[in-house]
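A.B. asks: need a structure here:
(4 chains)
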Amino acid sequence: MIIATGFKPMSKDHFKEYSPQSPDVITSMEFERILSSTGPTGGELKRPSDGTKPKNIAMISCVGSRDERHHSYCSKVCCMYMLKHARILKEKYPYINLYLFFIDVRTAGKDFEEFYVYTKGLGAKIIRGGRVSSVDEKPNGKLRVRGFDVDLGSPVELEADLVVLATAIEPPDGVDELGRQFSATCGREGFLREVHTKLFPVETSAKGVLIAGCVQGPKDIPESIAQSRAAAASAASLIIPGKIKFEAIVSEVDKDKCSSCGVCVPLCPYNAIKLETYKDKEKAKIEAALCAGCGVCASACPSRAITFHGFTTEQILEQISALVEA
Amino acid sequence: MAEWEPRIIVIACHWCTYQGADLAGSLRYSYPPSIHIVRVPCSGRVEPEFITEAIKSGADGVFVGGCHFGDCHYRSGNYNTIKRFNLLKRALVDLGLEDERVKLEWISGSEGKKFAEEMTVFDAKIRELGPNPIKGGANV
Amino acid sequence: MQTIEINPMTRLEGHGKIKIFLDDKGNVDNAFMQVVEFMGYEKFLKGMPIEEVPRTVCTICGV
Amino acid sequence: MSKPKLAYYLAGGCGGCDIAVVDLSETLVDVALAVDIVFWAPTVADAKYKDLEAMPDGSIDVGLITGNVRNSEHDHIVKVMRKKCKVLIAYGICATSGGIKSLVNLYTTEQLLDKAYVDTMSTDNPDKVIPQTSCIVDSKYDLTLPALFDAKPLDQVVSVDYYIGGCPPHYDHVKTAFTALLTGQLPPPGSWITSGKALCEVCGRNPVLTGKPKKFTTTIKRTFEGTPTEGACLLEEGYLCLGPITQGDCGVKCPNANMPCRGCGGPIPGVKDFGTRAISAIASMLEKEELVDEIPDPVHLFYRYTLAGSALGKKLNR
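C.D. replies: Predicted coordinates for the structure are as follows:
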């Protein structure tokens, strides 16, 4: 099972300071559609309010990302797609004044810095140094953008026809519920959590449930592809052998000791314990492929019929007494 | 006779409290040398026997650490922990053990600082209570 | 002083012993019956839920 | 071949286990014919301690001891029994784990004596006289009593070959055990001569036996609250039955009478501490953690028959 839900762009409505009520304040996703030849305007650049061609465009980064009020993480892709939009615009409409507001420009990686230098060379104006404080509607229908430029060391204010907000990448609605259905845990920001950042980047806490793309966290296309191929390969390596390998740390029932009390059955968080007829009595049986190895059943078994391999009661008691007496 | 030094057994779940202890180490937060950690996969693996046997063999304090509710790597292991721990603790207190000598706390893998702080506080409490009544031979 | 000790008293439940003191002529001077057993139900039932008491105190004597 | 010799000693018990032997009824005749009873005190045979002490060491084939070890006299006779008997059996829950009478370990001997002899409304004892281990009456009659100490199960005093649980052991089970003894079909030393399985395995109320999983306990009920549903699992109904933890050689007498099991059968072989296992199993079966606080008096419930044999064995800081 590979979970790849993708992401949800954050709505502009969360940002009252950026006049979300104005039709000329749009998100980058909407702007991307306006630029597209298959988009609502057939690829023609138009202001959504009156259909005129904008002359001054302001783009604002980190809207909702790196912001304690919304998401503390960096959405990772905004800097690059803003530069991409700038490049498309500048190559097509060189006369347009383009202002790009950044906290700082993050173009880590091969060829990315080169892209940034090239776009700057096309004449896009980069304003670094902090968050845009406000976008207001002016009576003449234009938008006033106020920010701060650290390179100038002073506040800046400009008049724009169109404001594009690079809103944060969010986990889609219901990911936590979906994760719960598959026993994959959610991290603090609502993305599904991998088992290990470096060593197990596509595996979740549930065996055989893999994740790829933005369901795990914000990432760009190359990374998503790399991760999805990794997930596909991991899934294939589980399926192709025709056998399942599972952890040795699982519980096992000694059916001769089991007293059919049934205490363990409702306890298992993975429904791995079933009843099975053994010597004419219903006894507990643990499906090793489903067992995740928590040991809750072994701790509860009144007959001590369940052995939890790797962490047996004897082993732990020995450890405890060795530590106490050492 | 050498001065009494407490011996504290910490039973830590692998995914949260043990990681927290690990983090405390990498972040250079120090905690008392009386702390001795036993790792279990989940705090739901902690049997009441682990606690009573530790007390019986002379541990001065027993601390059980698990994941916060909702964070359990195994979905619901820690809900079992708290039920068993609270019931055992009621029995142990009725059997004359000091309330503070056994403790259950949720410490996540990112709470290295909390781990070090909890250990320091627990160690101080045990020092205040003195040796395990079984070991100390006080009125037993 | 000569003594005779009968320990235990038998064919009953509950431990008892008899100690007989004889005078110089071999006659009984005095005799004591002692109950050597003590249980303490009065104390250790304290705190037990009342409905559990009947099925607990029936073990005072099982005969 | 001569008949096997049998000795039976009641230490700190109530005699209920002796009655369980008598409950064998007609079978008792066969038992009596099959064995040579050399000592049975104080309940049945007219034997004295000094007779036992006079027997050669190892001359008795089987020794049964019921009751816990509670005073110096028990301690002495139990040690004598160990010397004289080839096979020693802890018979009944007091001998195996301490029994109800080991709840005395919750208090000191002084506290217990004070309650019984001084601090009771119906007691008239202005001089606060309590039993002493020795006293001289009328300055010439020298009397002694055994010294009281904390109750102990048999195996804390001497080595024990076999265990039989129950308070008292059910007579059907006594028959099984005696048959095993007399035919020599005994398990390895240190074992229980029992089924080794929990009450649940033989309980007609257990849903698992009909293939249905057991449900969590959603409420805590005391035995006087309501009437259990006919045939329903008492634990599921909230009556905190200790059946899952207790050996079921009793014929499920209590649950069949709508009463939850209280654990007289003793722990299942392999379980050292009945109380903590019961705490673990019962707490696990509760639906919500809040229910834990509704359980009245956990020590008297979970350690009722096994306090002396438990890990702590007694109350600390009494």
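
A.B. asks: check what pLDDT the closest residue to C:Val53 other than its chain neighbours gets.
C.D. replies: Nearest residue to C:Val53 in three dimensions, chain neighbours excluded: C:Leu45, at 6.1 Å (Cβ to Cβ, 6 or more residues apart in numbering or on different chains). All C-beta atoms are positioned from the backbone trio N, CA, C, and that covers glycine. For C:Leu45, the pLDDT comes out at 93.

A.B. asks: count the neighbours of C:Leu45 for me.
C.D. replies: Residues lying near C:Leu45 (other Cβ atoms under 10 Å in any protein chain shown) number 16.

A.B. asks: what does A:Val175 give?
C.D. replies: Neighbours of A:Val175 (other Cβ under 10 Å): 21.

A.B. asks: could I get the contacting residues of it?
C.D. replies: A:5, A:186, A:190-192, A:215 (Cβ atoms under 8 Å, 6 or more residues apart in numbering or on different chains).

A.B. asks: how about A:Cys79?
C.D. replies: Counted by Cβ under 8 Å, 6+ apart, A:Cys79 has contacts A:61, A:102, A:105-107.

A.B. asks: quick check on those: which are buried?
C.D. replies: A:61, A:102, A:105-106 (16 or more other Cβ atoms under 10 Å in any protein chain shown).

A.B. asks: of the contacts of A:Cys79, which is the nearest to D:Ile93?
C.D. replies: D:Ile93 lies nearest to A:Arg106 out of the contacts of A:Cys79, by Cβ to Cβ, at 72.3 Å.

A.B. asks: measure C:Asn27 to C:Gln2 for me?
C.D. replies: Distance, C:Asn27 to C:Gln2, by Cβ to Cβ, to the nearest Å: 10 Å.

A.B. asks: which one's more surrounded, these two?
C.D. replies: C:Gln2 (10 against 7).

A.B. asks: who's in contact with that one?
C.D. replies: C:21-22, C:26.

A.B. asks: which of these has the most neighbours?
C.D. replies: Using other Cβ under 10 Å as the neighbour test, those are led by C:Phe21, with 18 neighbours.

A.B. asks: one step back: where's the dip in pLDDT among the contacts of C:Gln2?
C.D. replies: C:Gly26 (91).

A.B. asks: leaving out sequence neighbours, find the closest residue to that residue.
C.D. replies: The shortest distance from C:Gly26 to any non-neighbouring residue, by Cβ to Cβ, 6+ apart, is to C:Gln2 (7.3 Å).

A.B. asks: before we move on, what about D:Lys79?
C.D. replies: D:Val158 (6.0 Å).

A.B. asks: tell me how far that neighbour lies from D:Lys152.
C.D. replies: Computed with Cβ to Cβ, the distance linking D:Val158 and D:Lys152 is 10 Å.

A.B. asks: do D:Leu6 as well
C.D. replies: D:Leu6 sits at a distance of 24 Å from D:Lys152 (criterion: Cβ to Cβ).

A.B. asks: same thing with A:Glu287?
C.D. replies: 44 Å.

A.B. asks: quick revisit: nearest to D:Cys254 among the contacts of A:Cys79?
C.D. replies: Closest to D:Cys254 out of those is A:Arg106 (71.4 Å), distances taken as Cβ to Cβ.

A.B. asks: can you report how many residues neighbour A:Tyr118?
C.D. replies: Counted with other Cβ under 10 Å, the neighbours of A:Tyr118 add up to 11.

A.B. asks: near chain D too, which of the contacts of A:Cys79?
C.D. replies: Among those, no residue sits close to chain D (Cβ under 8 Å from any Cβ of the partner chain).

A.B. asks: okay, those in CSV with secondary structure, distance to chain C and pLDDT next?
C.D. replies: Converted to CSV, the contacts of A:Cys79 look like this (DSSP: H, G, I helix; E, B strand; the rest coil; distance: Cβ to the nearest Cβ, whole Å; pLDDT from 0 to 100):
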residue, secondary structure, distance to chain C, pLDDT
A:Ser61, strand, 68, 94
A:Phe102, strand, 70, 94
A:Val105, coil, 72, 92
A:Arg106, coil, 67, 92
A:Thr107, coil, 72, 91
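
A.B. asks: before we move on, back to that, out of the contacts of C:Gln2, which are inside strands?
C.D. replies: Counted as lying in strands by DSSP state E, out of the contacts of C:Gln2, are C:21-22.

A.B. asks: look at the nearest residue to D:Asp46 once chain neighbours are set aside and report its pLDDT.
C.D. replies: Residue nearest to D:Asp46 in three dimensions, not counting chain neighbours: C:Thr10, with 4.9 Å by Cβ to Cβ, 6+ apart. In the predicted model, C:Thr10 carries a pLDDT score of 91.
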